[in-house]
Every structure is written in structure tokens, then in C-alpha cells.
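Peer 1: Give me a model of this one.
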Amino acid sequence: MLYIIATPIGNLGDISIRAKEVLEKVDYLLCEDTRNTGQFLKLLNLSNSPKLISFYDEVEEQKIPEVIKLLESGVEVGLVSDAGTPIISDPGFKLVRKCRQLGYLMTSIPGPSALIDALVLSGLPSGRFSYLGFLPKRDGERKKILEQYKQIDGAKIVYESPFRINKLVEEIAKVYGETTNIAICRELTKKFEEVITGTAVEVSQEINKRTIKGEIVVVFC
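Peer 2: As a prediction, the model looks like this:
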């Protein structure tokens with residue numbers, strides 16, 4: 001059985017009862033960074049000590065046969081990312097697809113997701129939304145994607161680096177207009193959680209006054 005386990009995005013208290021129960025019984029745990037996951041398990045004070053297997057984007061494909069062998073042997077395998085729900089801009093899609101093809105049992109243990117948390121806090125319409133993930137670093141490619149989604153109704157959600165946040169807001173203003181509403185959500189669920197809202201022009205002026213740090217989710221509509 002493969003368990004896809006959502007973990008907290010910043011606040012340890014957001015771990016679900018069901019997630020802890022599953023972590024207590026899995027034999028192997030696939031994770032992006034074994035050090036980060038090891039520390040996380042220690043903080044949970046679990047009695048179980050699953051074997052950690054490094055499972056990140058660059059090695060996912062080559063690790064799939066190893067995981068399939070484990071599932072064939074009947075052991076319990078869990079999949080976590082460094083934070084939040086696995087597969088959403090994190091490793092795991094190829095593994096899940098392969099397990100579906102081969103007919104292996106799997107289930108998802110739902111929980112925290114930064115994109116949903118940001119949408120809820122943004123104050124922007126949430127009936128329809130599009131998740132764009134991490135945009136390409138090249139200006140032309142980023143602009144192309146932004147323009148493609150301009151024709152789609154609803155809020156747009158982007159994960160962005162603090163080093164490129166100013167550039168992204170400027171690009172949104174150019175493609176969607178200066179009066180486009182934006183919410184910059186950073187350090188969600190953590191001590192210094194902050195949501196900066198306003199038009200593209202207002203938000204640009206605000207974030208240009210200071211250095212924006214931490215993990216950022218941008219919602220605009």
C-alpha cells in the first residue's frame with residue numbers, strides 16, 4: 001500500500017491525527033530530503049522509525065522500480081514532501097501514475113497545502129482558480145504562461161522565490177493591468193505570516209520599500 005501523506009507547511013500543530021497514525025505504521029518513507037524528514041519525525045515523537053528513502057525530482061524516475069519492488073513485497077510505503085501535500089509542485093506524480101498502471105493500492109492522507117491556504121487568506125474570489133505552480137525563470141517563458149492564463153476566469157495562484165517577487169508583480173501589472181488585485185502571502189502558518197494585498201501598483205510600491213523574505217505564494221485576480 002502506498003500512502004501519500006500531507007505534512008505541515010510551517011506549523012507542526014497542523015499535522016492530522018490520521019497522518020500521525022499512518023506514519024506510525026509505514027515501513028518505508030519516501031522523502032525529498034531525508035534530513036528534513038528525519039527531524040520532522042523526531043518532533044512528532046513517534047514510536048515508529050520507518051526507513052527513509054531519498055525521493056526528489058531528479059531521482060524519482062530511477063527510484064520507481066525500487067519502490068514497486070517494495071510494494072510487491074507487501075510492505076507499507078509512505079510518500080511525503082518537505083512541506084505540504086506531495087505531488088503539488090513536488091515529487092510523486094510519476095510514481096502514482098506507475099502505481100495506477102500496475103494496479104497497486106494507494107490512498108491520500110489530505111492536509112495542509114500552501115496554495116489553498118493562500119487562496120483562503122487572499123480575500124480574492126475563490127469560486128474558480130488556476131494553479132500555475134512555479135513559473136519559468138526566463139522572462140519570455142514566464143510572460144507567455146501569464147498571457148495564456150489571462151483568458152481563463154478566476155484567481156491565479158503562483159509559487160515564487162523572494163528574489164523574483166518584485167519582477168513577478170511587475171509582469172502581472174503589464175499583462176493583466178495595473179489595477180489587478182494581488183495578494184502576496186508569505187511564511188504561511190509560521191510566526192511571521194504576512195499577507196500583503198492591493199492593486200498591482202500598490203503591492204509593487206509596498207514590496208519595493210523592503211526586502212521580502214520567506215516562502216511566498218502569490219494570488220491575483
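
Peer 1: Quick check: buried residues in the lowest-mean-pLDDT helix or strand in the chain?
Peer 2: Using mean pLDDT, DSSP states H and E, helix 139-149 stands out as the lowest-scoring helix or strand of the chain, at a mean of 94. The neighbour-count check on helix 139-149 (16 or more other CB atoms under 10 Å) flags 142, 145-146 as buried. C-betas here are computed from N, CA, C, even on glycine.

Peer 1: go on, stretch 80-92?
Peer 2: Neighbour-count burial for stretch 80-92 flags 80-81, 83-92 (criterion: 16+ other CB under 10 Å).

Peer 1: And for that stretch, what's in contact with it?
Peer 2: Stretch 80-92 is contacted from outside by 4-10, 29-33, 36-37, 40, 55-57, 60, 79, 93, 96, 110-115, 131, 133-134, 159, using CB atoms under 8 Å, 6 or more residues apart in numbering.

Peer 1: Same question for stretch 191-199.
Peer 2: 10, 121-123, 178-187, 203, 206-207, 214.

Peer 1: Also stretch 31-42?
Peer 2: Residues outside stretch 31-42 that contact it (CB under 8 Å, 6+ apart): 7, 23, 29, 49-50, 52-56, 79-82, 90-91.

Peer 1: ranges for the strands of this protein?
Peer 2: 2-5, 28-31, 51-54, 77-79, 106-109, 129-134, 155-160, 181-186, 194-199, 216-220 (DSSP state E).

Peer 1: Helices along the protein, start to end?
Peer 2: Along the chain, the stretches classed as helices by DSSP state H are 17-23, 34-44, 60-72, 93-102, 114-122, 139-149, 165-176, 200-207.

Peer 1: for these, which one ends up most surrounded?
Peer 2: Highest mean neighbour count among the helices of the chain (mean count of other CB atoms under 10 Å): helix 114-122, with a mean of 20.

Peer 1: What helices and strands are in contact with it?
Peer 2: strand 155-160, strand 181-186, strand 194-199, strand 216-220 (3 or more CB pairs under 8 Å, 6 or more residues apart in numbering; DSSP states H and E).

Peer 1: Quick one: work out the angle between it and strand 155-160.
Peer 2: Inter-element angle recorded for helix 114-122 and strand 155-160: 120 degrees (by axes from the mean of the first three to the mean of the last three CA atoms, to 10 degrees).

Peer 1: starting at the chain centroid, how far to helix 114-122?
Peer 2: Relative to the centre of its chain, helix 114-122 is centred 11 Å away, using CA atoms, centre = their mean, to the nearest Å.
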